[in-house]
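Novice: next input, structure requested:
(chains A and B)
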Amino acid sequence: MKKILNLSLVSVAAFALLTGCTTSKELGTASTGAENSNYSKIDVEKVCNVNTNGLSDVINTAKTYNVIAIEKNLEFRRLGVNNSGLIASVEEAIKTNAKQVNPKDFKGKTSKTKLETNFAAHRACKFAIRALQQAEEAKSSWRLAIPGDGYKY
Amino acid sequence: MLFKIVKATALAALVTSAAVAGDYNKQAEKDREGIVKYFETKFSDPEKNKNTFFPYSTDDELKNNFIKNVKGDEFSKGGYSFSKNGRLSYDEIKEFPPTEEFVEKGEAIFNKPFANGKSFKNCFPETSIVGNYPFYDEERSQVISLTQAINECLTSNGEKKFKTTKGKMAHLQAFLAQESQDAEKRMDIKIESKAAAEAYEKGKEYYFTQRGYLNLSCATCHIQGSGQRVRNESLSPGLGHATHFPVYRLKWAAGKADNDGLGTLERRMSGCVKDAGQVPPKNTSDTMKELLYFMAYISNGLPVDGPDIRK
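Specialist: Next comes the predicted model:
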């Protein structure tokens, strides 16, 4: 009897090692999107403030974070204008000293969006960082919307 | 002794595998049941459920424009499942459905031989298949959508791909959907492996994740928000969204002169993600296909009733 018991325990242990003890609960935690990082600690209004940081710094910040947002398929688009299109229009405005931007839409055509340059830089910067912060926040909030799971009514 | 251990391990593996085999859709089934229960509760009596589900709706609308006790199959009609006024217009349009000509065009595309003499018949010998898409292909380790399968049929026969949003792709899908509807097929999406369950979970996460500059998820509007208004439109329930495509949309038809108004499910999903304020995933990307896989699974058991009409 003892021999059978030992044999069973060894078998179960060996099987658990071979299969990696997969459970349906683990399947439920499959992850996509942004990995955990420190985006949530960024003070958006502070780093995107054109008056204190200057137009060039703000648009460089926007570019830095928007590249990551694009990689993670999180880039914002507003009224047909991708955030990268808005950034490009501000960069062009910096070169020409234009007070207003008219970005191209995602098809490369002139959009209906017309914005004051400083405002456009602030928006581009905010959009780039918020896309990343939002994805981090969603990691702990998305299940709260599922009926029968986190959503109670 | 070693032989006995190996034998016992193999036996334990076999027994456990058999027990787990039917378990891959356990979570998905729990989700589906939870979502069906939610919608049936929500639309059982909107007037009575105002405080819980419709805090911003007027008493007049809840009393006079909501159909009570909406259940099961009715949800495949989208917003027309619960809106009395919407249903009246829908039923009238359906008397002479504008989708008939698309079904005919789709049938012609289906039967037209490719340059090599073969046709879509060779790829799709069975035509009432819409309720089985998307499916998880174990060998290729990816979800396969109907749109992808059609384009792969074309390229494997030396033909050019169709556009994934409208035109010939939508016409052909209209024909296949009509064939499925005529055969009284229902949505029958399977999850038969750990990898398939993971693909489903990714689609589910995408559906419930808030995104874009408006910080909206699909669920914000089509689970919690369903039945509520955005401007003059009532938001449709997410349950049943995958059953009736391709659809003829008045909005699409009115958009451009060269647009016949018929579009695929991918076209609609891209539009929704854009509306939330984010660049949408490509129509045959894993992200899009996994999203469709989740949406189709939760509609399991509902009748395939495409091609249909929507505003």
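
Novice: in space, what's closest to residue B:84 - neighbours in sequence excluded?
Specialist: The spatially closest residue to residue B:84, leaving aside those adjacent along the chain, is residue B:65, at 5.1 Å (CB to CB, 6 or more residues apart in numbering or on different chains). All C-beta atoms are positioned from the backbone trio N, CA, C, and that covers glycine.

Novice: surely the one you found meets residue B:87?
Specialist: No: taking contacts as CB atoms under 8 Å, residue B:65 lies outside contact range of residue B:87: 9.8 Å.

Novice: which residue ranges of chain B form helices?
Specialist: In chain B, the helices defined using DSSP state H lie at B:2-21, B:26-42, B:50-53, B:59-64, B:84-95, B:100-111, B:120-123, B:146-156, B:168-182, B:194-208, B:218-219, B:250-255, B:265-276, B:286-298.

Novice: so how far is the helix or strand harbouring residue A:140 from its chain's centroid?
Specialist: Applying DSSP states H and E as the criterion places residue A:140 in helix A:117-141. Centroid separation for helix A:117-141 versus its chain: 8 Å, with CA atoms, centre = their mean, to the nearest Å.

Novice: quick check: phi and psi on the closest residue to residue A:104 other than its chain neighbours?
Specialist: Distances taken as CB to CB, 6+ apart place residue A:85 nearest to residue A:104, at 5.2 Å, with adjacent residues excluded. When read as degrees, to the nearest 10, the backbone of residue A:85 gives phi -70, psi -40.

Novice: number of residues surrounding residue A:85?
Specialist: 22 (other CB atoms under 10 Å in any protein chain shown).

Novice: can you tell me the closest non-neighbouring residue to the residue in chain B that chain A sits nearest to?
Specialist: The nearest approach of chain B to chain A comes at residue B:34, 1.8 Å away (CB to the nearest CB). In this structure, residue B:34 finds its nearest non-sequential neighbour in residue A:148, 1.8 Å apart by CB to CB, 6+ apart.

Novice: would you list the helices of chain B in CSV and tack on distance to residue A:77 and mean pLDDT?
Specialist: Compiled in CSV, those are given as follows (distance: least, CB to CB, whole Å; pLDDT from 0 to 100):
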stretch, distance to residue A:77, mean pLDDT
helix B:2-21, 42, 53
helix B:26-42, 28, 96
helix B:50-53, 31, 94
helix B:59-64, 33, 93
helix B:84-95, 29, 92
helix B:100-111, 29, 97
helix B:120-123, 35, 97
helix B:146-156, 22, 98
helix B:168-182, 23, 98
helix B:194-208, 16, 98
helix B:218-219, 16, 96
helix B:250-255, 18, 85
helix B:265-276, 6, 96
helix B:286-298, 15, 98
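
Novice: in chain A, where is pLDDT below threshold?
Specialist: A:1-37 (pLDDT under 70).

Novice: mind listing the helices for it?
Specialist: Using DSSP H, the helices of chain A run over A:2-19, A:24-27, A:44-47, A:50-53, A:55-71, A:83-96, A:117-141.

Novice: redo the ones you listed as a markdown table? Include distance to residue B:164.
Specialist: As requested, the helices of chain A are exported to a markdown table (distance: least, CB to CB, whole Å):
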| stretch | distance to residue B:164 |
| --- | --- |
| helix A:2-19 | 39 |
| helix A:24-27 | 29 |
| helix A:44-47 | 36 |
| helix A:50-53 | 40 |
| helix A:55-71 | 21 |
| helix A:83-96 | 23 |
| helix A:117-141 | 25 |
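
Novice: ok, which of those comes nearest residue B:49?
Specialist: The closest of the helices of chain A to residue B:49 is helix A:117-141. By CB to CB, the value is 24.6 Å.

Novice: so what's residue B:28 up against?
Specialist: Each residue near residue B:28 by CB atoms under 8 Å, 6 or more residues apart in numbering or on different chains is listed here: B:191, B:197, B:200, B:297-298.

Novice: equivalent analysis for residue B:36, please.
Specialist: Applying CB under 8 Å, 6+ apart to residue B:36 gives the contacts B:72, B:239.

Novice: tell me how far it lies from residue B:269.
Specialist: According to CB to CB, to the nearest Å, residue B:36 and residue B:269 sit 21 Å apart.

Novice: number of nearby residues for the residue of chain A found nearest chain B?
Specialist: Distances between chain A and chain B by CB to the nearest CB are smallest at residue A:148, namely 1.8 Å. When neighbours are defined as other CB under 10 Å, residue A:148 has 15 of them.

Novice: that one touches residue B:27, doesn't it?
Specialist: No: between residue A:148 and residue B:27 there is no contact under CB under 8 Å: 10.4 Å.

Novice: next, count neighbours for residue 45.
Specialist: Using chain A here. Using other CB under 10 Å, residue A:45 has 10 neighbouring residues.

Novice: actually, chain B is the one I wanted.
Specialist: 14.

Novice: quick one: residues contacting it.
Specialist: Residue B:45 touches B:68-69, counting by CB under 8 Å, 6+ apart.

Novice: got the helices of chain B as CSV, with distance to residue A:117 columns?
Specialist: Formatted as CSV, the helices of chain B follow (distance: least, CB to CB, whole Å):
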stretch, distance to residue A:117
helix B:2-21, 59
helix B:26-42, 46
helix B:50-53, 45
helix B:59-64, 45
helix B:84-95, 45
helix B:100-111, 47
helix B:120-123, 53
helix B:146-156, 41
helix B:168-182, 42
helix B:194-208, 35
helix B:218-219, 35
helix B:250-255, 32
helix B:265-276, 25
helix B:286-298, 34
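
Novice: so which of the helices of chain A comes closest to residue B:69?
Specialist: Of all those, helix A:117-141 sits nearest to residue B:69, with 32.3 Å by CB to CB.

Novice: just list the residues touching the residue most central in space within chain B, thanks.
Specialist: Central residue of chain B (CA atoms, centre = their mean): residue B:242, 1.7 Å from the mean position. By CB under 8 Å, 6+ apart, the contact set of residue B:242 is B:187, B:265, B:292, B:295-296, B:299.

Novice: from the centroid of chain A, which residue is nearest?
Specialist: Central residue of chain A (CA atoms, centre = their mean): residue A:132, 2.9 Å from the mean position.

Novice: right, and it touches residue A:69 too?
Specialist: Yes: between residue A:132 and residue A:69 there is a contact at 5.9 Å, judged by CB under 8 Å.

Novice: model confidence for residue B:311, exactly?
Specialist: Residue B:311 carries a pLDDT value of 86.

Novice: wait, what's in contact with it?
Specialist: Neighbouring residues of residue B:311 by CB under 8 Å, 6+ apart: B:79, B:233, B:249-251.

Novice: okay, now residue 40: neighbour count?
Specialist: No chain was given, so I picked chain A. 13.

Novice: the intended chain is chain B.
Specialist: Neighbour count of residue B:40, defined by other CB under 10 Å: 16.

Novice: can you give me phi and psi for the closest residue to it other than its chain neighbours?
Specialist: Closest residue to residue B:40 in three dimensions, ignoring its sequence neighbours and counting by CB to CB, 6+ apart: residue B:71, at 5.6 Å. Main-chain torsions, residue B:71, degrees, to the nearest 10: phi -140, psi 160.
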